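# Provided below for reference: sequence and predicted model.
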Amino acid sequence: MSSSEATATHEEELDVDLRNLEWTEPIRAAAFVLVGGLVVVPFVISSNYVGYVALLVLMFGIMASGYNIMLGWPNLLVFCPAALAVIGGVVSSLLAIQMGLPFAVTLLIGGLTAAIVGSAVAASAIIIGSTFEIVIATLAFEQIVYYAFTNWDRVGPTGISGMPNPSLGPLVFTSQVEQYVFLLAVLVLVTFIVTAFDRSLLGTLAVATGEDEELLRSIGYNPSRYKLVSVVLGAFVLGIGGALYAHVNGLVTPGAFTLDQTVLLLVIAVLGGLRTIYGPIVGAVLMIGLPEIVRSLGFGDYQPYIIGLTLILVILFLPSGIVGGVKDYFGDFDNGGVSAWAFWK
Amino acid sequence: MGILEVTELRRTFGGIIALDSVSLSVTEGETTVIIGANGAGKTTLFNCITGYHMPDDGNVVFEGTDISQTPDYKVARMGIRRTFQEVDVFDELTVAENISLGAFQSNPRELMELLDLMEIHDKLGESLTLFERKRVALALAADGQLLLLDEVFSGLDPAEKPAMLEYLDALAEEKTLMLIEHDIETAFDLADNVVVLSQGRVLGQGTPEEIKEDEEVQEKYLGEMAL
Amino acid sequence: MSDEILSVSDLEVSYGDMTVLRNVDLSVPEGGVVSVVGANGAGKTTLMKAISGVKDPDSGEITFRDENTVGLDPHELIQRGLTYVPERHTVFPEMTVLENLRTAMIPAEGSNSDVLEQVFELFPILDERRQQDAGTMSGGQQQMLAIAQGLVVEPDIILLDEPTLGLAPKIVEDVRDTILEISDNGVTVLLVDEKIQLSKEVAEDLYLMRKSTLQYLGERGEFEAEYERILQETIE
Amino acid sequence: MVLLESLINGLIQGSIFAVFAASFTIIFGVMDIPNMGHAALFAGGAYVFYQLVNLTGLPWIVGLIGAVLAIAVLGAVVEKTLLSRLYGRKESEYVFGVILVTIGLARILERGYAQIWGHAPKYIELGNLQENSVQVSGTSVSHLELVVIAFAVANFAFLYWLINYTDTGLSLQAIVQNRELAIMRGINVDRVFLIAFTLGAAMIAAAGVLNAAMFTLEPTLGFSLLIKAFIIVILGGIGRVMGAMVAGYALGLYEAFAVLYLSSYYIYASEFAVLIAFFLLKAIVLSEGEDSLIAGLKERATSLRQGVAE
């Protein structure tokens, strides 16, 4: 009954509700992902190739989860997730190589840098307002980032290589299966964060922002704030994802993070289902895994066809994505629209 | 001094004068009904009071504070709430979530009981009937002291209307209401105070009896409004 | 009653959950002027949109020249001789007067070009301003242009939606004269208005629209008294 | 001398930009469709030409007509089978859907080109237009370059005629100015959409052939052009074909002269930065109740700060 305190100001209200968040939900979601991920471990060990694909799935799952936060909740069609990810990757790599900082630190700083750039993107998006213009402006921004990195002698067209493997204090993750477990841990954490965000008042307000800003203002909230929070949080996760990608691959080039990757992240998020917790993971499994299976069967590179067809078919026939679609039919799976702070609990 | 004092309010859009030196006063606890034809400036008046539009000139004073240049969401937090003609609710949130979001000072459960929404507390906004939407919209607006309600009755069945009247009566016990209403019978039924707007100007203001007797309003206006 | 050109029976129209028209019946005899009055929000414009094919009704029949026209698009109705002039003197602002009229003529393929000259005869003010951008004209002139757009397709019936809304009294007289002239030329007029004044002067039959339903008040000479009676009843 | 050369380069590049943007804006302005697949249609026209002329050996004029027809038909099919399904959706979903569907289409087409004709750059011959040249004040201008400029001029003359002197053009204008009124006035919107999309596709196919003859042909050659088309269309005014022409030539000239002083990275980055700045300023200037730019900026900054700090 948090909403009933007559004297509660807006700010206290928010805090009270966030504190009252039911942690069981995010924990359950995180555990679900953890168990699912661990089940795959034997396959990862069994084959180098499966391991390689599994690492890609995890990294794109992380990045797409971050992207989904800005797309799904406040419905902001920001078109530069690849730029935000590459910023995280480049910053983390440079710090590790040139200053010798430990990975945990460079990873965080990479994420934070992406978040700071994300706040500028969010501010611009808030000012610009029109969906279509936001798409174009962020698309242009992504190109600018690409040109800037390509032109910068520290990065250049060939990118950065030679960064250390991911590590955590004394633990260094060198083998495929070690890296898999580490990435899985990060994905579990991200799932936890996304679920907590979804169940919090903040997440609900972000949804409300995406739906009807005018109405939200009329009941005393400033929608700009929730757009900003969503984009910054999403950018942070994207930056982390980009940094992980750089260190796991040992190479990050500006050319690897252009519109193609943005479209891939978009199709992962849309196929899985916007504003769902597991959607980006399901999307990543399908959009990374499926083309690899097709390729391993000797058909050549069909990924662009799969991406293109998926986009068209999902938009025309399954607008709420796979997880979203399942949710529509079966109800309470994933985040079935029930918030932990709902007052009668 | 009323809870809301509007003085010499003026607002133009391009070359069109939507409001032309509109002054009116709302007394705390009373229900004020704004009537006027299509394009008379009723909704623009609501928009200027609630901060959706900044007036070009003139003042809006709420409980002694000038709010004519205050942004909408702050006006809402100060205690002026509104509904929209399009009956906006959050489609992707449940009824309970909708109402919890709107309730800073009131108890959401009491609001839901007041408006008979407990039964449907877990329905999503998009699946509501019009009458349910109207009640949720009313609950979203009910948290303030001064409630600006835009055409609450439009589109309702004859059978639903008395229920809506009861809800408004219940709200009026604690709140100050301002309504835009087309149906003149309903308007006169509800109102302690009637404001007649015509082409952006106040044509008359007073109790329903005074308005009915006002020759000018009667002649120029009431005839057409009645139907 | 002379031959019926347009009839509506048991029409129901809604936007989402909001039912805007219920059980609407309407009959328009050929060659006359029929008027529908009623307050803002009663559903008059929705009725116009339903008849002209802009908005599909939920149920009911609309018969124009013995053909059920429900489901036809506006351009198909225009080709059959039914045209709609929306409210608030809506024209294409960045086109000249001439371009506005030529645009309106597109659906009536193969209509003769004399019709333009006839319309300019009816509206000398437009003739003078053929090359002027419509957006720069006064409200009254734009209203004339909007009506002219309806006439260039040589309709059998023209639907006028609040043609005097927001116009000065002098211009209202011009609009009234125009309506009478259109009617004299054999075009049936279905007029919608918030106030009864204009209808008192031009309409042969009057309908009253109240709260989504339509009620026939009678022929000219009868309907004024009936209107007053209902008015008094409502005020008291 | 250098300046004259730059001027000519600017005009040629500007011609391509202008035609690209004009064909883009016909679709965009009339149908609200930011066709992200436009660049793929651009490359498609060139590949069809390459197939017909370089590989099959038909005369180049047949190749050109074939390319235009093929891409026009493709455009019509896309409009009828994919895009028309989205028209009924509400506005935000429509924009989202159209962008994603056309992006998906672009991915499929670009991969298809690569699979059929390979990734390697292709050189296409347009008769012997490339070899022959004329001297203009000591600068050599190839016949092809003259053809490109002439094509652009003819293209805009055709568009000017179409838009101002035909029923189709009036219908296009009517829909841009007020779609609802256009429907009420009996414009057959479905048909006009189909015409607009087909016309835009046909124009872009011809431009693609010329561009490929000027430079080289690769599956993704049009993408940077696509973003530039956005810049041109937006600066020239959405739905304004002649605005697109002026802005297209302006951008072409800017690039031709800027390249004398700046590396191309900076040039492109500066163009995109201008685009973003334009959106920001437009949003501020156009928001109601704000009369001065500075005051508007301040207000936005305050609102943002409150959003963050409160």
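Received it, and whenever you're ready, just let me know what you need. Numbering: from 1, shown residues only, chains lettered A, B, ... in the order given.
# Just want the residue of chain C that's nearest chain A.
Nearest residue of chain C to chain A, counting by C-beta to the nearest C-beta: C:G16, 15.2 Å away. From N, CA and C alone the C-beta is placed, and that goes for glycine too.
# And the strands in the stretch 151-300 of chain A?
Assigned by DSSP state E, counting those that start in this stretch, the strands in the stretch 151-300 of chain A fall at A:160-161, A:167-168, A:171-172, A:251-252.
# Of the ones you listed, which is nearest B:L114?
strand A:167-168 (54.9 Å; C-beta to C-beta).
# What ranges in chain B fall below the confidence cut-off?
B:1, B:14-15, B:38, B:216, B:218-227 (pLDDT under 70).
# can you check chain D too?
D:1, D:238, D:286-310.
# How is it partitioned into domains?
Following automatic domain parsing, chain D resolves into domains at D:2-261, D:264-310.
# Turn those into JSON lines, columns for mean neighbour count and distance to chain B.
Formatted as JSON lines, these follow (neighbours: other C-beta atoms under 10 Å in any protein chain shown; distance: least, C-beta to the nearest C-beta, whole Å):
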{"stretch": "domain D:2-261", "mean neighbour count": "20", "distance to chain B": "11"}
{"stretch": "domain D:264-310", "mean neighbour count": "15", "distance to chain B": "4"}
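# Including distance to A:L202, could these go into JSON lines?
JSON lines is the format used below for the domains of chain D (distance: least, C-beta to C-beta, whole Å):
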{"stretch": "domain D:2-261", "distance to A:L202": "22"}
{"stretch": "domain D:264-310", "distance to A:L202": "13"}
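# Quick check: A:I27 vs chain C, distance?
Going from A:I27 to chain C by C-beta to the nearest C-beta, to the nearest Å gives 40 Å.
# what's the neighbour count on that residue?
13 (other C-beta atoms under 10 Å in any protein chain shown).
# and if you look at A:W23?
Using other C-beta under 10 Å: A:W23 sits among 13 other residues.
# Would you confirm that B:V202 belongs to a helix?
No - according to DSSP: H, G, I helix; E, B strand; the rest coil, B:V202 belongs to no helix; its state is strand.
# what's the distance between it and B:V195?
6 Å (C-beta to C-beta, to the nearest Å).
# show me the contacts for D:A76.
Residues near D:A76 by C-beta atoms under 8 Å, 6 or more residues apart in numbering or on different chains: D:194, D:197-198, D:201.
# Not counting residues beside it along the chain, what's closest to C:M105?
C:V152 (5.0 Å; C-beta to C-beta, 6 or more residues apart in numbering or on different chains).
# Report pLDDT for that neighbour.
pLDDT, C:V152: 89.
# Touching, it and C:T103? I think so.
No - C:V152 is not in contact with C:T103 according to C-beta atoms under 8 Å; the separation is 9.5 Å.
# any idea whether whichever residue of chain B sits closest to chain D is helix, strand or coil?
Closest contact between chain B and chain D, by C-beta to the nearest C-beta, is at B:M54 (4.3 Å). Under three-state DSSP, B:M54 falls in the coil class.
# quick one, phi psi at it?
Dihedral pair for B:M54: phi -90, psi 130, per degrees, to the nearest 10.
# where does the chain have low pLDDT?
Reading this off chain A. Applying pLDDT under 70 to chain A picks out residues A:1-21, A:327-345.
# I was thinking of chain C, sorry if that wasn't clear
In chain C, residues with pLDDT under 70: C:1-2, C:17, C:40-41, C:89, C:110-112, C:234-236.
# where exactly do the helices run in it?
C:44-51, C:74-80, C:97-105, C:114-122, C:124-128, C:139-151, C:169-184, C:197-202, C:223-235 (DSSP state H).
# got JSON lines for those, with mean neighbour count too?
Listed next are the helices of chain C as JSON lines, based on neighbours: other C-beta atoms under 10 Å in any protein chain shown:
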{"stretch": "helix C:44-51", "mean neighbour count": "24"}
{"stretch": "helix C:74-80", "mean neighbour count": "21"}
{"stretch": "helix C:97-105", "mean neighbour count": "24"}
{"stretch": "helix C:114-122", "mean neighbour count": "15"}
{"stretch": "helix C:124-128", "mean neighbour count": "15"}
{"stretch": "helix C:139-151", "mean neighbour count": "24"}
{"stretch": "helix C:169-184", "mean neighbour count": "15"}
{"stretch": "helix C:197-202", "mean neighbour count": "19"}
{"stretch": "helix C:223-235", "mean neighbour count": "15"}
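# Now render these as TSV, adding distance to D:L146.
Listed next are the helices of chain C as TSV, based on distance: least, C-beta to C-beta, whole Å:
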stretch	distance to D:L146
helix C:44-51	54
helix C:74-80	44
helix C:97-105	35
helix C:114-122	43
helix C:124-128	46
helix C:139-151	45
helix C:169-184	57
helix C:197-202	64
helix C:223-235	75
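# mind listing the helices for chain B?
So, for chain B - with DSSP H - the helices run B:42-49, B:72-78, B:95-102, B:108-114, B:130-141, B:161-174, B:184-190, B:208-213, B:215-217, B:223-225.
# elements contacting the first one?
For helix B:42-49, the helices and strands in contact under the criterion 3 or more C-beta pairs under 8 Å, 6 or more residues apart in numbering or on different chains; DSSP states H and E are strand B:4-13, strand B:16-26, strand B:31-36, strand B:146-150, strand B:176-180.
# Spell out which parts of the stretch 151-300 of chain D neighbour chain C.
D:167, D:170-171, D:173-174, D:177-178, D:181-188 (C-beta under 8 Å from any C-beta of the partner chain).
# Quick check: closest non-adjacent residue to residue 186.
Chain wasn't specified; assuming chain A. Spatial nearest neighbour of A:V186, chain neighbours left out: A:I62 (6.1 Å); criterion: C-beta to C-beta, 6+ apart.
# switch to chain D, that's the one I care about
The nearest residue in space to D:G186 (C-beta to C-beta, 6+ apart) is C:P107, at 3.2 Å.
# count of neighbours near residue 39?
Reading this off chain A. 9.
# I was after chain B.
There are 19 residues near B:G39, going by other C-beta under 10 Å.
# That one and D:T56, how far apart?
If you go by C-beta to C-beta, the gap between B:G39 and D:T56 works out to 66 Å.
# cool, and C:Q143?
C:Q143 is 61 Å from D:T56, by C-beta to C-beta.
# swap in A:L108?
59 Å.
# Without its sequence neighbours, what residue ends up closest to the spatially most central residue of chain A?
A centroid search over chain A (C-alpha atoms, centre = their mean) returns A:G66, at 1.7 Å, as the residue closest to the centre. Spatial nearest neighbour of A:G66, chain neighbours left out: A:V237 (2.8 Å); criterion: C-beta to C-beta, 6+ apart.
# what's near enough to touch that neighbour?
Contacts of A:V237 by C-beta under 8 Å, 6+ apart are A:62-63, A:65-66, A:69, A:111, A:190, A:193.
# Next: A:T191.
A:26, A:29-30, A:32-33, A:65, A:277-278, A:281.
# Scan those residues and report the most crowded one.
Going by other C-beta under 10 Å, A:S65 tops the contacts of A:T191 with 31 neighbours.
# Surely it forms part of a helix?
Yes - judged by three-state DSSP, A:S65 forms part of a helix.
# Excluding sequence neighbours, find me the nearest residue to it.
A:P280 (4.4 Å).
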